[in-house]
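Visitor: Predicted coordinates and the sequence they were generated for:
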Amino acid sequence: MFAYLVRRLLLMLVTLFGISVVIFVLLRVVPGNIVDILFAAAGYVDPADKANLEKELGIDQPLIVQYWHWISGFLRGDLGYSYVSEKPALQEILPRIPITAKLAGLALLFSASIGIPLGVISAVKQGTRLDYALRVVSLSGLSLPSFWLGLLILTASVAMFGQMPIFNPNPQTWLEAFATYAVPAAAVGFRSAALTMRITRSSMLEVLRQDYIRTARAKGASEAAVNYRHALKNAILPVITVIGIEAAFLIGGLIVTETVFNIPGVARFLVEAIRWRDYPIVQNLVMFIAVVVVVANFTVDMLYAVFDPRIRYTD
């Protein structure tokens, strides 16, 4: 087990190093930089002023030097300064992380708490009207883009209540906090819930046909015990995989959701930083997202051994 953990940690470090190189190179390959954008907005280009600004920002140095300055500072916790606000990048990023973390956590909670029970019900009631209705709902969730669903929620809110949901950055109670994040979390988590439901249903149908399920019923076990204690416990591994993947790639849905609901989170800030070619912000935010993805995959692998005793990570 120890040797496996060491190998996984080394693989995680190699993966993060490769991602850092890709991030750095892709940002420099895109035509234009922050200096070009600023001078284009000003309407004139003075070569001397442009050269001085590029030297001040350090983007006139060789790429290998720029990369070393960034990655060494990142490892020390020095993320540099934003080109736009001229504030420390860490000071710009840190206040936005809890907002996105709460939104993503609530979306995953919505996905798991809705998708898994409905998937079990759909599998148990296979072929009934309820099963068909739940399958239609799941297909709808997979078909509806999160930004369109968000706009639909905003339009319905205006039509029914005369106002749009307003983001409250400083809720006083947990109920206010829940109300603030619930609607956008539901909008972005609806697709994940639909996918979780379909995977749960497929996995449950496969497990319910096994001999040990028939044996449990023959011994007089209740349907609830058969479905949740025996079947779901053995059908949960594919669901864990899906939830882990959704957690890793939830940032894609959060970009449009935070924009639609005007939420000042990490995802929306990343889009604005890309537009301005704010290299320190973009590089550090993407590395943060990469760390989340790698840690999520590692956590899923560890959870396999928790939920399935047959799985053991040995030397």
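Guide: Received it, and whenever you're ready, just let me know what you need. Numbers count the residues shown, from 1 in each chain.
Visitor: count of residues packed around residue 145?
Guide: Residue 145 has 11 neighbours, counted by other Cβ atoms under 10 Å. Quick note: C-beta positions are derived from backbone N, CA and C, even for glycine.
Visitor: Would you indicate which residues of the one helix or strand residue 282 maps to are buried?
Guide: Following DSSP states H and E, one finds residue 282 within helix 279-307. By neighbour count on 16 or more other Cβ atoms under 10 Å, the buried set for helix 279-307 is 279-290, 292-294, 296-298, 300-301, 303-304.
Visitor: Stretch 97-115 now?
Guide: Applying 16+ other Cβ under 10 Å to stretch 97-115 flags 99-100, 102-104, 106-108, 110-112, 114-115 as buried.
Visitor: Mind checking which of the residues you listed land in helices?
Guide: Mapping the buried residues of stretch 97-115 onto helices (DSSP state H) picks out 99-100, 102-104, 106-108, 110-112, 114-115.
Visitor: Could you tell me the model confidence score at residue 132?
Guide: Listed pLDDT for residue 132 reads 94.
Visitor: Packing partners of the helix holding residue 282?
Guide: If you count contacts as 3 or more Cβ pairs under 8 Å, 6 or more residues apart in numbering; DSSP states H and E, helix 279-307 packs onto helix 2-29, helix 63-76, helix 89-93, helix 232-260, helix 266-275.
Visitor: Distance from it to the middle of the chain?
Guide: How far helix 279-307 lies from its chain's middle: 9 Å, per Cα atoms, centre = their mean, to the nearest Å.
Visitor: Tell me which two of the buried residues of stretch 97-115 sit farthest apart.
Guide: Taking Cβ to Cβ, the two most distant members of those are 99 and 115; they sit 24.1 Å apart.
Visitor: any idea how far residue 130 is from residue 227?
Guide: To residue 227, residue 130 is 15 Å away according to Cβ to Cβ, to the nearest Å.
Visitor: Please say which of the two ends up with more neighbours.
Guide: Shown here are residue 130 and residue 227; by other Cβ under 10 Å, residue 227 has more neighbours (21 against 14).
Visitor: ok, the more buried one to residue 213 distance?
Guide: 9 Å.
Visitor: Show me what stretch 123-131 is in contact with.
Guide: Contact with stretch 123-131 is made by 121, 122, 200, 201, 204, 205, 208, 223, 227, as judged by Cβ atoms under 8 Å, 6 or more residues apart in numbering.
Visitor: For the residues you listed, which ChimeraX command selects only the ones that are buried?
Guide: Selecting the buried subset of the contacts of stretch 123-131 in ChimeraX, with 16+ other Cβ under 10 Å as the burial test, is done by:
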select :121,122,200,201,204,205,208,227
